[in-house]
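Undergrad: quick one, what's the 3D model for this:
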Amino acid sequence: MIGNATTAGKFLFGAAVGTGMTALAAERGGADFLLILNAGRLRSRGASSLSTYLPLRDANAWVCDICETEVLNHCSLPTFMGATVSDPAVSNEDIVAKAADTGFNGVVNFPSAWAIEGRLRQVLEREGIGFGRECSLIETAAKAGLKTLAYVTNAEEAARMADSGAQMLCIVVGFTSGSTGVKTLHTIEGVAEIVDDTLRHVPPDIPALVEGGPITTPEDALAVRRLSRAQGYIAGSTIDKIPLEEAIEQVVKSYKVINRLSAGDMAERGATGLDGKTDLIGTVRRQADAATQSDEPVMITGPDGTGKSRLAQHIHSSSRFGGRRPVTVNCNSLIAEEAAVQLFGRAAGHGARGTAAAGGLLESAHQTTLILEEVGALEASVQGLLVDFIDSGRVVRFGSTLPNTVDCRIIATSNRDLDALVAEGSFQRDLYYRLAVHHIDIPALAKRSDDIVVLAERLFREIDGTGKRKLSNAAFDVLLSHDWPGNIRELRNAIVRANANASGHLVSAKAFDFLRRHKELREHAAGEVEHRDDGPGGRVPVNAENTDVQPLQAMTEREWIAEALRRNRFRKGQTAAELGISTRTLYNKIVKYGLY
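TA: Numbers count the residues shown, from 1 in each chain. Predicted coordinates:
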């Protein structure tokens, strides 16, 4: 549904169209809703979007005619009427009634006064046909039970439209680059800042979309989605000048892939890793669903690569804080002697005269989720401070006595056995109990091998993107026979590499030959760990009683990584993909073994 809580966490895609053909292609491509605009009709005739402000014909009547004769008899998507308030002789009540009689599901203010500046804008407002009347239109439509979407350009307009009952907002960052012949000055990062600034007074439960400026591809839309509070995108000139219906459908589909790529930041931006039919993963799904229903702390444990971070993002996205980006802290990267200050902040002058005051990561997590990755790495002193924070909800900066209230949810992850750490005294029992209100343990992929086919099919669809390639039965056999020590991350990286290796429409078992080589290297390394040369006397077993003999695991892993680096000409991303490990893990290994 559009414009209510069921849109939470979902990437919304709206198609601003002016012809029935474009509307039908957008629906087939997976668009969530349609905006019927006179601009779409004019662009299909080769005109600029700016021409919508010319007095060519009755814009509202034109839009209603397009919808009634070309769209409603072919499409089932929710449709919004692009309604103008520029005619003072027509009341907002009449406009809304016409929209409802035509069959529109909602109303959007278009063409809007946002594109008009200076004295002309002042005249429009004074005459009662400016942005103020657009707010009244949205309020009238909401009271009549229609869906409401409002175009805005700044924080003041966004707040006014939210107060008027707009169920969705679309932030316009200028006309789309190339559509008017004028290049935009905005960058993707700049657009993300504009979005967050515009929404600073808007409740997080109102979905916000973006349109225009430098966003001309799905990759641009995804980048803005990741960097800001934007929850969707509206495409106009990026689709309706495309001449072929099939091409429009494919472009819309490419935008809709963002739902899989960005939801909770999953599969390394795709699936949560919870796909499957085994009882093990079914239990995890139920636990995850329960965790989304409350604001209590969550502890997610499991081996590397099982999707702990993605699941944490998913739970955050489904929570009341889902409209804001979470604050993610990798506890392994915290500097031991500075970790407490990094988390809790410092007052001015703390540590050295002249030191500026600085808020900590906990304060920056106010009104959102704090994700503590690898929480088992925290120093004991910091663990105690966290216990106090969870109990009180207050942060006291170092060097200060004034508490700051912080409302946040904590989700912690760990690849270590926290029960064992508690037993040995390196992890505080009190902190463990407070974090594990919801405890979700994700099993290794090897323990749920029946889920591999489901996971591989989904990952392959997301990675390939064409819909034309398939994995052969023989390829699935290779995947099922592999032990996946790197879990879902390794599975995904293997599919990425195999897809690059393959040619034609079928990915064969041969494309996965590197998995066999990896397994042989690991088995060889395991053999070297079990026995090693001990001078001329031959080979002796390595065990707890031979304390003077060091195993060769580190050396063989070093050789394994060094060989892969040489084979890939020290391209770290490519090497990490081949080894089935993350780039960050590869960097750590390079430093550990001095492979510069």
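
Undergrad: okay, now the domains of this protein?
TA: 5-249, 294-441 (automatic domain parsing).

Undergrad: in JSON lines: those, plus distance to Lys468 and mean neighbour count.
TA: (C-beta placed from N, C-alpha, C; glycine too.) Output for these, formatted as JSON lines (distance: least, C-beta to C-beta, whole Å; neighbours: other C-beta atoms under 10 Å):
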{"stretch": "domain 5-249", "distance to Lys468": "13", "mean neighbour count": "20"}
{"stretch": "domain 294-441", "distance to Lys468": "27", "mean neighbour count": "18"}
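
Undergrad: so can I have JSON lines of those showing mean pLDDT?
TA: Output for the domains of the chain, formatted as JSON lines (pLDDT from 0 to 100):
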{"stretch": "domain 5-249", "mean pLDDT": "85"}
{"stretch": "domain 294-441", "mean pLDDT": "90"}
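
Undergrad: okay, those in CSV with distance to Lys510 next?
TA: Listed next are the domains of the chain as CSV, based on distance: least, C-beta to C-beta, whole Å:
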stretch, distance to Lys510
domain 5-249, 31
domain 294-441, 25
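
Undergrad: to Ala456, which of those domains lies closest?
TA: domain 294-441 (14.4 Å; C-beta to C-beta).

Undergrad: quick revisit: and of the domains of the chain, who's closest to Thr466?
TA: Comparing the domains of the chain under C-beta to C-beta, the one sitting nearest is domain 5-249, at 13.6 Å.

Undergrad: ok, then the element right after the strand or helix carrying Leu34?
TA: Per DSSP states H and E, Leu34 falls inside strand 33-36. Sequence-wise, the next helix or strand downstream of strand 33-36 (DSSP H and E) is helix 38-44.

Undergrad: and that following helix, what does it pack onto?
TA: Applying 3 or more C-beta pairs under 8 Å, 6 or more residues apart in numbering; DSSP states H and E, one finds that helix 38-44 makes contact with strand 12-17, helix 59-66, helix 237-240.

Undergrad: want to throw those into CSV with distance to Ala144?
TA: Below are these laid out as CSV (distance: least, C-beta to C-beta, whole Å):
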stretch, distance to Ala144
strand 12-17, 21
helix 59-66, 16
helix 237-240, 29
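
Undergrad: nearest to Arg569, out of these?
TA: Taking the helices and strands packed on helix 38-44 one by one with C-beta to C-beta, helix 237-240 is closest: 37.5 Å.

Undergrad: circling back to that earlier point, who does the strand holding Leu34 pair up with?
TA: strand 12-17 (parallel), strand 79-83 (parallel) (DSSP bridges).

Undergrad: got a list of contacts for that strand?
TA: Contact partners of strand 33-36, identified using C-beta atoms under 8 Å, 6 or more residues apart in numbering, comprise 2, 12, 14-18, 23, 26-27, 63, 66-67, 71, 75, 77-82, 104-106, 108, 110, 149, 234, 236.

Undergrad: for Gly302, give me its contacts.
TA: 308, 415, 441-444.

Undergrad: how many neighbouring residues does Gly465 have?
TA: If you count neighbours by other C-beta atoms under 10 Å, Gly465 ends up with 14.

Undergrad: for Pro203, grab phi and psi.
TA: phi -60, psi 140 (degrees, to the nearest 10).

Undergrad: of all the strands paired with strand 33-36, which lies closest to Arg448?
TA: Going by C-beta to C-beta, the one of the strands paired with strand 33-36 nearest Arg448 is strand 12-17, 32.8 Å.

Undergrad: quick one: residues contacting Cys408.
TA: Per C-beta under 8 Å, 6+ apart, neighbours of Cys408: 321, 327, 362, 365-370.

Undergrad: looking at those, which are in strands?
TA: 327, 368-370 (DSSP state E).

Undergrad: could I get these in CSV, plus columns for distance to Ser503?
TA: Formatted as CSV, the ones in strands among the contacts of Cys408 follow (distance: C-beta to C-beta, whole Å):
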residue, distance to Ser503
Val327, 44
Thr368, 46
Thr369, 44
Leu370, 46
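
Undergrad: which of these sits closest to Ser228?
TA: Nearest to Ser228 among the ones in strands among the contacts of Cys408, with distances taken as C-beta to C-beta, is Thr368, at 13.5 Å.
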